[in-house]
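S.K.: next input, structure requested:
(one chain, ligands or ions: 1)
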Amino acid sequence: MDNITKEEDILNLVREAKSEDIPYERVFSSMCTYPHPIAVKAHNLFLSSNAGDPGIFKGTNKLEKKVISMIGDLLHKRDACGYISTGGTESNIQAIRMARNLKQRKKPNFIVSEMGHFSFEKTADILGIKLKKAEVRDDLTIDPDSVERLIDDDTIAIVGIAGTTEFGQIDPIEELSKIALENDIFLHIDGAFGGFVIPFLDEKYMFDFELDGVSSISVDPHKMGMSVIPSGALLTRDKKYLKRLEISTPYLSSKSQFTLTGTRSGASIAATYAVLMYLGWDGFKSIVKSCLRMTNIIVEGMRDLDINPVIDPKMNVLALNVPKLCKVFNTLWKKGWCVSKTRKPKALRLVIMPHITEDIIDDFLKDFKRALRDNLIR
Ligand code: 0PR
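M.R.: Predicted coordinates for the structure are as follows:
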């Protein structure tokens, strides 16, 4: 390796690499966005802070408790327990691990809808638990009858999704909560995306701790929470659930740990704390409102072209029935737009994050129209 010692030369190399990253202004396929400036400032103050060693990083630990209580407050349980994770994947793995340790079955299984995020495949693999996929109804929500049919003595958890990755759909969590209580099964809610959206919608959806059957929830500050990557949150109704993850840490300043990773970013905690404090729930409400307004502008623009959404969008995730999908998709990428496709039913998927403005939508719709026309003629 050639050793370059001049700071400016090194930074230029780093900048060069950064310039190859596609700017968010062209991105409709990501559930992340630019972090809020105050999150960045707080993040930079905590670069060397390790939340995994709370005896040393006492201030970080205090902030983490505050953040969990703030998010708990949003999700109808101010005294919820939990921690700041690296994101939805870690939170989902940990929730199912908790449920497995609670119930202790020889051949455990858990139930997620066909719409589940692929992190549940990782969860099943890592934990050696069978993943049972419940069917979805026409509106792509989990079918509670299918869940009931799949439950057996070895079922350790049911997952409800509050904001599916591909369609932004919300499972009927009220019904899942009833099923969970009747069968005494752990209910985890994957609100990685929807956790910072659903509380701010005009329409009320019950999806969180206000439902007695909900045992844990994952919600990601690094998605609609406007914080830095990596920031996830895992919250539990009761400390006894978290306790099932406890591992003793004999030579550390604290006696035990219930997190998955050892060394953890204190910067993520500080950033999340700062942005939650700064925006307040009113601030989040106006961000969500603006994302929904942008989503509706796209829906209207698409309807003018006879293109309809697969489901009426509940949040700022939009799946569109586009003819010649693969070709249109490829043309859009060639024109520099990052878009994605859903699995089933196949559709063009757009996530309308806070970085998407009306001007961007104008440009996108123009390119989309051309892509459609060119591919339909051919
Ligand atoms: N649960 C749900 C409902 C999700 O949508 C996601 C991620 C996860 C769990 C996992 O979260 P982490 O990726 O934080 O572990 N959904 C996005 C997706 O897979 C994540 C993403 C974000 C992907 C930005 C790409 C990207 O540029 O599409």
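S.K.: setting the sequence-adjacent residues aside, check what's closest to the residue positioned nearest the centre of the chain.
M.R.: Nearest to the mean C-alpha position of the chain, counting by C-alpha atoms, centre = their mean, stands Ala192 at 2.5 Å. Leaving out its chain neighbours, the residue that sits closest to Ala192 by C-beta to C-beta, 6 or more residues apart in numbering is Gly88, at 3.2 Å. In this view, the C-beta of every residue, glycine as well, is placed from N, C-alpha and C.
S.K.: give me the element the residue nearest to the centre of the chain is part of.
M.R.: Assessed by DSSP states H and E, Ala192 sits outside every helix and strand.
S.K.: swap in Arg343?
M.R.: Taking DSSP H and E as the definition, Arg343 sits outside all helices and strands.
S.K.: that one and His117, how far apart?
M.R.: 11 Å (C-beta to C-beta, to the nearest Å).
S.K.: also Phe46?
M.R.: 28 Å.
S.K.: and the helices in the stretch 201-350 of the chain?
M.R.: Secondary structure of the stretch 201-350 of the chain (DSSP state H, counting those that start in this stretch): helices at 239-243, 266-304, 325-334.
S.K.: C-alpha coordinates for the shortest one, PDB please?
M.R.: As requested, C-alpha coordinates have been extracted for helix 239-243 and formatted as PDB (Å, rounded to 0.1, in the frame of the first residue of the first chain):
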ATOM      1  CA  LYS A 239     -38.500  -5.500  31.500                       C
ATOM      2  CA  LYS A 240     -38.900  -9.300  31.900                       C
ATOM      3  CA  TYR A 241     -38.800  -9.700  28.100                       C
ATOM      4  CA  LEU A 242     -35.500  -7.800  27.800                       C
ATOM      5  CA  LYS A 243     -34.100  -9.800  30.700                       C
END
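S.K.: and that helix, what does it pack against?
M.R.: strand 81-85, helix 88-103 (3 or more C-beta pairs under 8 Å, 6 or more residues apart in numbering; DSSP states H and E).
S.K.: what packs against the helix or strand hosting Val14?
M.R.: Using DSSP H and E, Val14 sits in helix 7-20. Under the contact criterion of 3+ C-beta pairs under 8 Å, 6+ apart, helix 7-20 touches no helix or strand at all.
S.K.: which parts of the helix or strand following it are buried?
M.R.: Downstream of helix 7-20, the first helix or strand assigned by DSSP H and E is helix 37-45. For helix 37-45, burial by neighbour count (16 or more other C-beta atoms under 10 Å) applies to 38-40, 42-43.
S.K.: ok, stretch 69-86 next?
M.R.: 69-72, 74-77, 80-86.
S.K.: start and end of it, how far apart?
M.R.: 18 Å (C-alpha to C-alpha, to the nearest Å).
S.K.: run the chain-centre distance for that stretch.
M.R.: Taking C-alpha atoms, centre = their mean, to the nearest Å, one finds stretch 69-86 lying 15 Å from the centre of the chain it belongs to.
S.K.: go on, stretch 341-356?
M.R.: That offset, for stretch 341-356, works out to 14 Å (C-alpha atoms, centre = their mean).
S.K.: please work out the average pLDDT along that stretch.
M.R.: Average pLDDT, stretch 341-356: 98.
S.K.: ok, it near the ligand or not?
M.R.: No. Counting by C-beta under 6 Å from any ligand atom, the ligand is not contacted by stretch 341-356; separation bottoms out at 7.7 Å.
S.K.: near Ile217, how many other residues are there?
M.R.: By the measure other C-beta atoms under 10 Å, the count of residues near Ile217 is 32.
S.K.: would you mind pulling the contact partners of the helix holding Val14?
M.R.: Under the contact criterion C-beta atoms under 8 Å, 6 or more residues apart in numbering, helix 7-20 has outside partners Ile4.
S.K.: still on that earlier bit, figure out which of the helices and strands packed on helix 239-243 is closest to the ligand.
M.R.: Nearest to the ligand among the helices and strands packed on helix 239-243 is helix 88-103 (2.6 Å), distances taken as C-beta to the nearest ligand atom.
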